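Colleague: next come a sequence and a model predicted from it.
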Amino acid sequence: MAWLEITVNTPAGSCEAAAAALTARGFSDLIIEDQRELEAFLEENRDYWDYIDRELEERLQGLSRIKLYLEQDDAASMTRLKEALSSLGLSMDVSVLPDTDWSESWKDNYPPQEVGDTLLILPCWLADQPTHRKKIILDPGLTFGTGAHPSTRMVLQAMEQLVRPSFHCLDLGSGSGILSIAALRLGAASAVGVDIDPKAEDIARENAAYNHFAAPAFTALTGNVTQDKALMGTLAAKSYDLVLVNIVADVIIGLAPVLPDFLTERSTLICSGILDTRLQDVTAALENAGLAVTAVKAEEDWRCLTAVRRCRH
């Protein structure tokens, strides 16, 4: 089946109104590319990001447009779209897309990924692929955390060196559950994944099931450890050999005061998702909380550090 890609260029800042008008006329699955809306979204969610891809910024510079897709032989919808755009005073550009099975082609973006010396991240549809490596199976269509980002790769590489069979691990900001699953695959006795997004709890549990892990080996929880005293008490009542925090610098800094509560004198903390420009800020926050940074790994602009509790004399 051939498809048409239709691009509607709109005046700056008017994408949302135009999209609402098209939706009211029966057009759905609209893709909005608008520089102002992206900037507004980032400002409203400043606590949850520390970096935006420069290439993406350049692509969106000055953009205000809507994209939608119609079957090439859907003449009725095309006529209806032309009438809607005419009433809005807008025009469109149309291009014919190759005849592709779009329901399956997105999977090409998620090939197997070898990480470190022993791990292999596989999308769930390749779960049976033979390999001598330890498999981490994920549904990459569910949420963030597929292992492709340098920050996650560095944590996984560090975990290969640190995880031991008796370990109990805590993963704060667990997302897809990839780090908890990796800990178990590397031989840890248990892993607890915590995320502030309720959807992440179900997704992490589902990804764990792909790898044949479930409670009590794997536990997924929802909550904010800096605000939920009950959750904090539940987590801090247990002892962890390895604590993982792969988020962004500002969130790590906010967590720093409570992180020692999860660590014993023999525990290790791994923090990642830190831009090079924020490394000193994170290091200072951890040191102020009574931790000592023992190593820093670097990949591209990202940094991953390990830390331990300072010895008390």
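Modeller: Looks like it arrived, so ask away.
Colleague: contacts, neighbours, all on C-alpha from now
Modeller: Will do.
Colleague: tell me the confidence at residue 101?
Modeller: We have a pLDDT of 58 for residue 101.
Colleague: what does residue 98 give?
Modeller: In this model, residue 98 carries a pLDDT of 75.
Colleague: and it, backbone torsions?
Modeller: phi -60, psi 150 (degrees, to the nearest 10).
Colleague: is residue 252 part of a helix or strand, or is it coil?
Modeller: The three-state label given to residue 252 by DSSP: H, G, I helix; E, B strand; the rest coil is helix.
Colleague: quick check, it in contact with residue 245.
Modeller: Yes. Under the criterion of Cα atoms under 8 Å, residue 252 makes contact with residue 245 at 7.1 Å.
Colleague: what is in contact with these two at once?
Modeller: residue 271 (Cα atoms under 8 Å, 6 or more residues apart in numbering).
Colleague: please read off the pLDDT at residue 208 from the model.
Modeller: 96.
Colleague: list the contacts for it?
Modeller: Residues in contact with residue 208 (Cα under 8 Å, 6+ apart) are 177, 181, 214, 218.
Colleague: do a quick rundown of the strands in this protein.
Modeller: 3-9, 31-34, 64-71, 92-96, 113-115, 119-123, 134-138, 168-172, 190-195, 218-222, 240-246, 263-275, 291-299, 302-309 (DSSP state E).
Colleague: now the third one - C-alpha only, PDB.
Modeller: What that stands for is strand 64-71. What follows is strand 64-71, C-alpha atoms only, in PDB (Å, rounded to 0.1, in the frame of the first residue of the first chain):
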ATOM      1  CA  SER A  64       6.000  25.500  12.400                       C
ATOM      2  CA  ARG A  65       4.400  22.700  10.500                       C
ATOM      3  CA  ILE A  66       2.100  19.700  10.700                       C
ATOM      4  CA  LYS A  67       2.600  16.300   9.000                       C
ATOM      5  CA  LEU A  68       0.000  13.700   8.300                       C
ATOM      6  CA  TYR A  69      -0.300  10.500   6.200                       C
ATOM      7  CA  LEU A  70      -3.000   9.300   3.900                       C
ATOM      8  CA  GLU A  71      -3.400   6.300   1.600                       C
END
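Colleague: can you give me the helices in the stretch 101-250 of the chain?
Modeller: Applying DSSP state H, counting those that start in this stretch to the stretch 101-250 of the chain gives helices spanning 102-105, 150-162, 178-185, 198-210, 229-236, 249-255.
Colleague: dump these to JSON lines, plus distance to residue 292.
Modeller: Shown next, in JSON lines, are these (distance: least, Cα to Cα, whole Å):
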{"stretch": "helix 102-105", "distance to residue 292": "47"}
{"stretch": "helix 150-162", "distance to residue 292": "17"}
{"stretch": "helix 178-185", "distance to residue 292": "23"}
{"stretch": "helix 198-210", "distance to residue 292": "30"}
{"stretch": "helix 229-236", "distance to residue 292": "20"}
{"stretch": "helix 249-255", "distance to residue 292": "14"}
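Colleague: which one of these is the most hemmed in?
Modeller: helix 178-185 (a mean of 26; mean count of other Cα atoms under 10 Å).
Colleague: okay, and for the protein, where does confidence drop off?
Modeller: 1, 36-62, 100-108, 141-146, 311-313 (pLDDT under 70).
Colleague: got the domain ranges for it?
Modeller: 3-100, 106-309 (automatic domain parsing).
Colleague: out of these, deepest packed?
Modeller: Mean neighbour counts for the domains of the chain (mean count of other Cα under 10 Å) peak at domain 106-309, with a mean of 19.
Colleague: returning to that earlier point: nearest to residue 196, of the contacts of residue 208?
Modeller: Nearest to residue 196 out of the contacts of residue 208 is residue 177 (Cα to Cα; 12.9 Å).
Colleague: hmm, the closest one is touching residue 204, no?
Modeller: Yes. Between residue 177 and residue 204 a contact is recorded at 4.4 Å, counting by Cα under 8 Å.
Colleague: which residues do these two both contact?
Modeller: Counting by Cα under 8 Å, 6+ apart, the residues touching both residue 177 and residue 204 are residue 193.
Colleague: re the thing from before, between the helices of the stretch 101-250 of the chain, which gets nearest to residue 10?
Modeller: Checked against Cα to Cα, the stretch from the helices of the stretch 101-250 of the chain lying closest is helix 102-105, at 26.8 Å.
Colleague: appreciated, that's everything.
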